[in-house]
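[1] Can you look at this prediction? I've put the sequence above it.
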Amino acid sequence: MQIGEVQRRAWENKLSKGFNVEDVPYEFGLLNAEVGEAFTAWRHDQSDFGSELADVLIYLTGLAEMTGVDLAREVERKLAVNERRTYRSGPSGSKVKESTSEPGQARGAIE
């Protein structure tokens, strides 16, 4: 399934079931809750981990539709940016950007 199809179907489901389609801060809260549920399922090795990750994607694509973002296009663009970036290891072992080709990104910002 393509991201655009997920976005369309998630939106249609929200409309048909009467779910939130206007309150963006509320939707961010719900998305955050779904990420927490996915983390908990992973941490406790629960069998519904995959389902929780699917919920994260569904809420994310719904939020994208709510705000007029073509998520498939943005993911493609961002993957291309990430593929061009170079990183160095920071003092804690985390990766730190050395270069970026995206306007507005500070050099040395942590991804």
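    Noted; the coordinates are in hand.

[2] Could you use CA atoms for every contact and neighbour count after this?
    Noted.

[3] helices and strands of the protein: which one bottoms out on pLDDT?
    strand 95-99 (a mean of 84; mean pLDDT, DSSP states H and E).

[4] which strands and helices sit next to that one?
    strand 86-89 (3 or more Cα pairs under 8 Å, 6 or more residues apart in numbering; DSSP states H and E).

[5] on contacts alone, who are the packing partners of the strand it packs on?
    Judged by 3+ Cα pairs under 8 Å, 6+ apart, the packing partners of strand 86-89 are strand 95-99.

[6] Give the buried residues for the strand it packs on.
    Of all the residues in strand 95-99, those buried under the rule 16 or more other Cα atoms under 10 Å are 95, 96, 97, 99.

[7] just how off-centre is the least confident helix or strand of the chain within its chain?
    Strand 95-99 has its C-alpha centroid displaced from the chain centroid by 21 Å (Cα atoms, centre = their mean, to the nearest Å).

[8] top helix in this structure by residue count?
    Longest helix of the chain, by residue count under DSSP state H: helix 24-43.

[9] Identify the residues contacting that helix?
    Counting by Cα atoms under 8 Å, 6 or more residues apart in numbering, the neighbours of helix 24-43 from elsewhere in the structure are 20, 47-50, 52-53, 55-56, 59-60, 63, 66-67.

[10] does residue 91 sit in a helix, a strand or a coil?
    Reducing the assignment at residue 91 to three states with DSSP: H, G, I helix; E, B strand; the rest coil gives coil.

[11] quick one, phi/psi of it?
    Main-chain dihedrals, residue 91, degrees, to the nearest 10: phi -60, psi -30.

[12] export the buried residues of strand 95-99 to a markdown table and tack on distance to residue 83?
    Supplementary listing: these in a markdown table, determined by distance: Cα to Cα, whole Å:
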| residue | distance to residue 83 |
| --- | --- |
| 95 | 14 |
| 96 | 14 |
| 97 | 12 |
| 99 | 11 |
